[in-house]
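>>> just need the structure, nothing else, for what follows:
(6 chains)
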6 protein chains.
Amino acid sequence: MRLKEIYDFLDSVSPFELQEKWDNSGLLVGSLEDEIKKVYISIDLDEEILETIEENSLIITHHPLIFSPIKKVNFDSYSTKLLRILIQKNISLISMHTNIDVTHLNKYVASEILELNLLENNSYICYANVNDSFSNFANKISSKLGLKYIKYVQCSNEIKKVALVTGAGMSMIGQVDADCFITGDIKYHDAMEAKARGISLIDIRHYESEKHFSPLLEGLINGYLKKNKLKAIIIASQNPFKFCTQGETVE
Amino acid sequence: MRLKEIYDFLDSVSPFELQEKWDNSGLLVGSLEDEIKKVYISIDLDEEILETIEENSLIITHHPLIFSPIKKVNFDSYSTKLLRILIQKNISLISMHTNIDVTHLNKYVASEILELNLLENNSYICYANVNDSFSNFANKISSKLGLKYIKYVQCSNEIKKVALVTGAGMSMIGQVDADCFITGDIKYHDAMEAKARGISLIDIRHYESEKHFSPLLEGLINGYLKKNKLKAIIIASQNPFKFCTQGETVE
Amino acid sequence: MRLKEIYDFLDSVSPFELQEKWDNSGLLVGSLEDEIKKVYISIDLDEEILETIEENSLIITHHPLIFSPIKKVNFDSYSTKLLRILIQKNISLISMHTNIDVTHLNKYVASEILELNLLENNSYICYANVNDSFSNFANKISSKLGLKYIKYVQCSNEIKKVALVTGAGMSMIGQVDADCFITGDIKYHDAMEAKARGISLIDIRHYESEKHFSPLLEGLINGYLKKNKLKAIIIASQNPFKFCTQGETVE
Amino acid sequence: MRLKEIYDFLDSVSPFELQEKWDNSGLLVGSLEDEIKKVYISIDLDEEILETIEENSLIITHHPLIFSPIKKVNFDSYSTKLLRILIQKNISLISMHTNIDVTHLNKYVASEILELNLLENNSYICYANVNDSFSNFANKISSKLGLKYIKYVQCSNEIKKVALVTGAGMSMIGQVDADCFITGDIKYHDAMEAKARGISLIDIRHYESEKHFSPLLEGLINGYLKKNKLKAIIIASQNPFKFCTQGETVE
Amino acid sequence: MRLKEIYDFLDSVSPFELQEKWDNSGLLVGSLEDEIKKVYISIDLDEEILETIEENSLIITHHPLIFSPIKKVNFDSYSTKLLRILIQKNISLISMHTNIDVTHLNKYVASEILELNLLENNSYICYANVNDSFSNFANKISSKLGLKYIKYVQCSNEIKKVALVTGAGMSMIGQVDADCFITGDIKYHDAMEAKARGISLIDIRHYESEKHFSPLLEGLINGYLKKNKLKAIIIASQNPFKFCTQGETVE
Amino acid sequence: MRLKEIYDFLDSVSPFELQEKWDNSGLLVGSLEDEIKKVYISIDLDEEILETIEENSLIITHHPLIFSPIKKVNFDSYSTKLLRILIQKNISLISMHTNIDVTHLNKYVASEILELNLLENNSYICYANVNDSFSNFANKISSKLGLKYIKYVQCSNEIKKVALVTGAGMSMIGQVDADCFITGDIKYHDAMEAKARGISLIDIRHYESEKHFSPLLEGLINGYLKKNKLKAIIIASQNPFKFCTQGETVE
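Next comes the predicted model:
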């Protein structure tokens, strides 16, 4: 199947032009004329993944491999190291990042994974009704996501309305209109800011909140690929973090 | 005691002009002509702290209260909310941030707290010899810092040389010349980058790695204050984060 | 009365989003949740005004107190000095600057105060028919404004059409299509430019041409405030300038 | 005499490279190879001056004719209108602006014209001891400059130390370390700022404070020109402003 | 005839507001009030042209005389040297550059001069069907333009579709969708880029591809000028380049 | 041999830090740890060259393959197309561009190739004495470079002093102090500018004036490589341009 056909189908599912100005979604490695034998889906790339997947494949990731434009290809950074393997194995790469956040991902995680009672989904932020105690709510969230260990900032005992952004959403705190905000990669100064604003936080982690990208996208494209005698294979890039409590590994 | 005298003494201990271009260390709230009755030290400000400290005091913090310049003082953000209390209670605020990182803090945490075998301290990064297994080393670090729970990225079983930056140091990963980097506030993409570069990471957290600012500064200024019949009082701003594992609070 | 209700009413009278990009109109000090006891109007703030007005009031000014964003609150500049008093007395501040210039002020001064025969009012410049000698016209303008002393640039003996901008309008000289331009704060190079272009100038001063903001705004909001059992009190910030001729004070 | 020789002499008297970054001092119109018959000095250019001076002359002004770079030469603005006459009459133009402010002019006006007791002259600001009442001092200044009418801001009854910048110096208010600042072209917001800082102001006007440029420069260059059988002719560009009080012209 | 009338007619023929952001088309020298005695057309100005044309004329050129805004008028650069002559002879100058490229010139050269079979003309690029061998096509192009000598990059033996931009069009190579691109002023790196993309190039030179501006514009305006008793005179600025092969001059 | 050793030797011959700010000289593709089997030198890369050279080689070029930083690696542009081949064949790439222009190349071409009588070599411009007629001089230059066909701008019959910049040097015309300037890639507007300034031009072409890079560099490094049992192989990237006169190919 020609790469161009798959690219055009993905663009119809979640238009690349909806991406944020700073984003780099689209065809990052490969030529639209390439013939594709296999299609893989992953939230990210790492060396282990690239070892296992076959030559002449396409891989669709959530995060763009190239963020900062490249001036020297010295194979010592994340992007140039993996770029070399992609080229050597003739693997094409398409990234669907902020375009699919807007069209599908935030809403999918909020309603399908967390089973929240959705109020609205205004571009980058999802809102839901809660009306629960903070501790019950935090437990529910962590259990739905399978997180045994969580980090949070608690500002009140009751939560009425929650806002959700998958990945790292703290740059949006100024727009959040809710008493609890759940997102990943929360830093210390973000926590101080939220506490002063009286907004509780639950850190649902970056990788763990976005890994749902893969089954979501699979559901969106498998019908189309089947007609073309292809199939999307989900392949999990590894979470680089390990967690342990007093020597014991936790998740 | 006049605020100007204390300011000049702090400037002689750790010159404010050594701060980074993006930093805002210095006298942030108050007038050099103010008469100071009490001196407090904290890594940060929060509402609880400001309630307990007395009027006409000076508080010296590690983090500047004002980072983004202020156009509207609406008391809804961290900085404007606390600015109001400072002004109402006539409390002056001096911040010593990247200037004291360079002159004292990184080195102090590396040698006094973590008891590492220091190699060099080139402005923002401290290096030390290790020669230990990753798991032993990670255990030692977490126990010195009293962290029961830790997050890490492991790239090898042995660590020869470690680099340390207190606070949030991942923007320096490109300059790190070591096989393990310890710092705080490590985000997911930082972890992916480090993994590709083969550099292990141990997240020693932002607050927990910098809270040593207070006893360090106390040691540096108490002699001087005593001569002026004052005394520095350490007061701990609260870590906004709570951590729990399967419902149990950990640290 | 809640500050938010007054803010919303002012926004309906003269929308804040009409302000120029470089302007800082809006709620500058205070929280929308504040309860307001009294409402004052002034073109500007100064220390005398802030002494006389009561705690828990709102003051609406023409000029924004904060223009350059604030990084250090050292009470030595105009804006930080007055900011301290506002906060200590819990006084809220709203500024209506270029938004009300566009919607009301220029037109009001041209037709109600100067009694000119208005031709058009295209956003920032008002035009009027004159057909008078320069000296008659200049005398009429200065007498309507109560200015005993005036500064002018005369390029012709007759004036057919005049342009008016209140405050300091000389940056608009390139767009002026008239044989006389009246505005305030005219500097020497502005005068040289106008003379070369053959456009006469009459300096109606900044404060004196804009002090009409207060009665104008009072007329626009008093009906609404009355229904809410409040009343706008006009309070005059002092013109910082004094003028004298050979030892004698003039105006 | 070749223009290049005069240019080089002026550069030795007051080096052009000392000008501010935003300034445009130097040879603005003409070629270094031109043969010069007459030399004129004026603070500025206007049409009357250019009518009276002879072809093939050089005119040295304080203010640069060209500030904003020119894209269209339509003879409707101050600079393009006069540029045409300069070219048609083959008159060369050199401007000595911020370079001569630093090397000579501020100091000259402070000591020779105002007969102040000079303390220091740090690049752009001159300081002098005063120790007089504000009203005596203001009277003395206005009488030395021949200003019958003056505008001022009074913050105290006594003046100890005064700062002076000729022309329009209010952008330097943040650096002024004196209880009175004298300069020209003072605008309303400048006056509000100074009042809050407790610094009195006396407006000595732009043209009137800088017209001393001409005799000063004449004294600096006439010896040299004489040796070359030339002579500098002072020619006064007109002050564009007229002033009147209740119909009576004042100065 | 008043210059303003001619300017408005030209603007109706090819609106100046269609020019590119970096361009400086429009009235570059002269006043809209000028009375015009003669009208000349040329692709450019040079000293020879300005010697031959009469005072009080208008000259309409393709290239703007002023590109970089002028800060010093020292008569040593192309633009300031010719500006002096224009002003001395009271000659007005209008330039029609990228506006007429879009509305007329590219299309005119493609269809009238090169007699290509036009496909489309999307703002700056014209496309035509070819279906010929590269060598036949290159010979045809050079003979239509009267170029005895040509420079080219050949990527294939057959040409199906050609793109054309008059003047210097290589900055548009990334948008070209054709197997041959003809334009002028092709540099070495441009040629390397085109070769890698598999796009053949024929260099039709800058001057030689744009000199058709003059007869084109004459055709567009002579009817109008005639009604006003004027006539456009074509005058050829000289091509600055000479070409020779082994000592023999070629073209 | 390790790439790092060769890199360090090249840096000692012509330090990379001497490059211009806009340049991208240095190690562009490859890792300093790579083991190098063969070394090639070329002014540029093209597909034919990369086909012929062996895997695990180093190629040193004059022009950097990557100029604009890369965001998408789609194999359709010059740099991404060749980047793929470099990676697939594991070929490393070092570019020595403006650093070697300054240290060696301009001087080498001026004295060794053109046999000019060198006056000075101030960073980017070489000067030489000539004292010859323009036509003799132009013939001599074209014969030394083997250019049968040349393009020039003649402003005078005699040449006293010539300036030389290899490659494309016309952006330096404002600094040239000579009556003739020889460089490559001269565009039409450059020629107009030079003509107005009275500076003659001879276009010695980009490729043809810089191809001397290869033998020059070979001479500089072969001694060192020999000691390490390697040898630099000169390999000529193709000049993309062909030239013909009335159907006959010329050079």
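>>> for stretch A:209-222, buried residues please.
A:209-214, A:216-218, A:220-221 (16 or more other Cβ atoms under 10 Å in any protein chain shown). Placement of C-beta: from N, CA and C, glycine included.
>>> ok, stretch A:12-30 near chain F or not?
Yes. Using Cβ under 8 Å from any Cβ of the partner chain, stretch A:12-30 reaches chain F at A:24, A:26-30.
>>> A:Phe67 against A:Asn24, yeah?
Yes. Counting by Cβ atoms under 8 Å, A:Phe67 does reach A:Asn24; the two are 6.1 Å apart.
>>> longest strand anywhere in chain A?
For chain A, the longest strand by residue count, based on DSSP state E, is strand A:125-133.
>>> helices or strands up against the helix or strand following that one?
Where DSSP states H and E defines the elements, the next helix or strand beyond strand A:125-133 is helix A:134-144. Helix A:134-144 sits against strand A:149-153, strand A:158-164, strand A:180-183, strand A:200-203, with contacts defined as 3 or more Cβ pairs under 8 Å, 6 or more residues apart in numbering or on different chains; DSSP states H and E.
>>> what mean pLDDT does the last one get?
Looking back up the chat, that one is strand A:200-203. What strand A:200-203 shows for mean pLDDT is 98.
>>> contacting residues for the residue in the stretch 1-150 of chain A that chain F sits nearest to?
Using Cβ to the nearest Cβ, A:Pro69 is the residue of the stretch 1-150 of chain A that sits closest to chain F, at 3.2 Å. For A:Pro69, the contact set (Cβ atoms under 8 Å, 6 or more residues apart in numbering or on different chains) comprises F:68-71.
>>> repeat that for 10 Å
When contacts are counted by Cβ atoms under 10 Å, 6 or more residues apart in numbering or on different chains, A:Pro69 touches A:24, F:66, F:68-72.
>>> find the residue closest to it in space, skipping its chain neighbours.
Distances taken as Cβ to Cβ, 6 or more residues apart in numbering or on different chains place F:Pro69 nearest to A:Pro69, at 3.2 Å, with adjacent residues excluded.
>>> and A:Ile94, by the same measure?
The shortest distance from A:Ile94 to any non-neighbouring residue, by Cβ to Cβ, 6+ apart, is to A:Ile60 (5.0 Å).
>>> so where does that neighbour fall, helix or strand?
Judged by DSSP H and E, A:Ile60 forms part of strand A:57-61.
>>> may I have the phi/psi pair for the most centrally placed residue in chain A?
By Cα atoms, centre = their mean, chain A has its centre lying nearest to A:Glu210, at 3.2 Å. Phi and psi for A:Glu210, reported as degrees, to the nearest 10, are phi -110, psi -10.
>>> cool, A:Glu5 as well?
Torsion angles, degrees, to the nearest 10, at A:Glu5: phi -70, psi -40.
>>> and it, what does it touch?
Taking Cβ under 10 Å, 6+ apart, we find A:Glu5 in contact with A:32, A:36, A:224, A:228.
>>> can you count the residues close to the third one?
The one in question is A:Tyr224. By other Cβ atoms under 10 Å in any protein chain shown, 16 other residues sit near A:Tyr224.
>>> where's it relative to B:Ala110, distance?
According to Cβ to Cβ, to the nearest Å, A:Tyr224 stands 56 Å off from B:Ala110.
>>> cool, the second one as well?
Remark: distance between A:Ile36 and B:Ala110 (Cβ to Cβ) = 51 Å.
>>> which residues of chain A fall in helices?
For chain A, applying DSSP state H gives helices covering A:3-13, A:47-52, A:78-88, A:98-100, A:106-108, A:134-144, A:188-197, A:206-210, A:213-227.
>>> ok, the residue nearest to the centre of chain A - contacts?
A:Glu210 makes contacts with A:43-44, A:62-63, A:97, A:101, A:105, A:109, A:166-168, A:184, A:204, A:216, B:188, as judged by Cβ under 10 Å, 6+ apart.
>>> and those, which is closest to chain E?
Using Cβ to the nearest Cβ, the contacts of A:Glu210 come closest to chain E at A:His97, 23.8 Å.
>>> pLDDT score assigned to the residue nearest to A:Val176 when sequence neighbours are not counted?
Once flanking residues are discounted, A:Val176 sits nearest to A:Ala163: 4.7 Å by Cβ to Cβ, 6+ apart. pLDDT for A:Ala163: 97.
>>> before we move on, what about A:Asn122?
At A:Asn122, pLDDT is 76.
>>> how about it, what does it touch?
Taking Cβ under 10 Å, 6+ apart as the criterion, A:Asn122 is in contact with A:102, A:106, A:175, A:177.
>>> what about it, distance to chain E?
34 Å (Cβ to the nearest Cβ, to the nearest Å).
>>> show me the beta-bridge partners of that residue.
Applying DSSP bridges to A:Asn122 yields these beta-bridge partners: A:Ile125.
>>> circling back: what touches both of A:Phe67 and A:Asn24?
A:97, F:71.
>>> looking at those two, which is more packed in?
More crowded of A:Phe67 and A:Asn24, by other Cβ under 10 Å: A:Asn24, with 19 against 15.
>>> how many residues are close by the nearest residue to A:Ile141 once chain neighbours are set aside?
Nearest residue to A:Ile141 in three dimensions, chain neighbours excluded: A:Ile202, at 5.7 Å (Cβ to Cβ, 6+ apart). The number of residues packed near A:Ile202 is 25, by other Cβ under 10 Å.
>>> so A:Ile202 versus chain C, what's the distance?
Per Cβ to the nearest Cβ, A:Ile202 is found 26 Å from chain C.
>>> touching, A:Lys89 and A:Ile53? I think so.
Yes. Using Cβ atoms under 10 Å, A:Lys89 is in contact with A:Ile53, at 7.7 Å.
>>> and the two? Which one has more around it.
Applying other Cβ under 10 Å to A:Lys89 and A:Ile53 shows that A:Ile53 carries more neighbours, namely 20 against 15.
>>> and stretch A:193-204, how far apart are its ends?
Start-to-end span of stretch A:193-204 (Cα to Cα, to the nearest Å) is 18 Å.
>>> list the buried residues of that stretch.
Buried-residue list, stretch A:193-204, by 16+ other Cβ under 10 Å: A:193-197, A:199-204.
>>> nearest to A:Asp11 among these?
Using Cβ to Cβ, A:Ile204 is the member of the buried residues of stretch A:193-204 that lies nearest A:Asp11, at 29.2 Å.
>>> what does the stretch 1-150 of chain A have sitting close to chain F?
Taking Cβ under 10 Å from any Cβ of the partner chain as the criterion, the stretch 1-150 of chain A approaches chain F at residues A:24, A:26-34, A:64-76, A:80-81, A:83-90, A:92-93.
>>> I'd say A:Glu115 and A:Leu145 touch.
No. The criterion here is Cβ under 10 Å, and A:Glu115 misses it with A:Leu145 at 11.3 Å.
>>> more neighbours: which of the two?
Each of A:Glu115 and A:Leu145 has its neighbours counted (other Cβ under 10 Å); A:Leu145 has more, 20 against 11.
>>> need the pLDDT of that one.
The model reports A:Leu145 with a pLDDT of 93.
>>> contact partners for it?
Counting by Cβ under 10 Å, 6+ apart, A:Leu145 touches A:109, A:113-114, A:182, A:202, A:204-205, A:208-209, A:211-212, A:251.
>>> with A:Asn117 instead?
A:110-111, A:127-131, A:162.
>>> ok, A:Tyr108 next?
Shown in contact with A:Tyr108 (Cβ under 10 Å, 6+ apart): A:100, A:114, A:126, A:166, A:212-213, A:215-217, A:219-220.
>>> so how far is A:Ser14 from A:Gly223?
Applying Cβ to Cβ, the value for A:Gly223 to A:Ser14 is 15 Å.
>>> quick one: which of these two has more around it?
With neighbours defined as other Cβ under 10 Å, A:Gly223 and A:Ser14 compare such that A:Ser14 has more, 21 against 8.
>>> surely A:Ile43 and A:His63 touch.
Yes. Under the criterion of Cβ under 10 Å, A:Ile43 makes contact with A:His63 at 6.6 Å.
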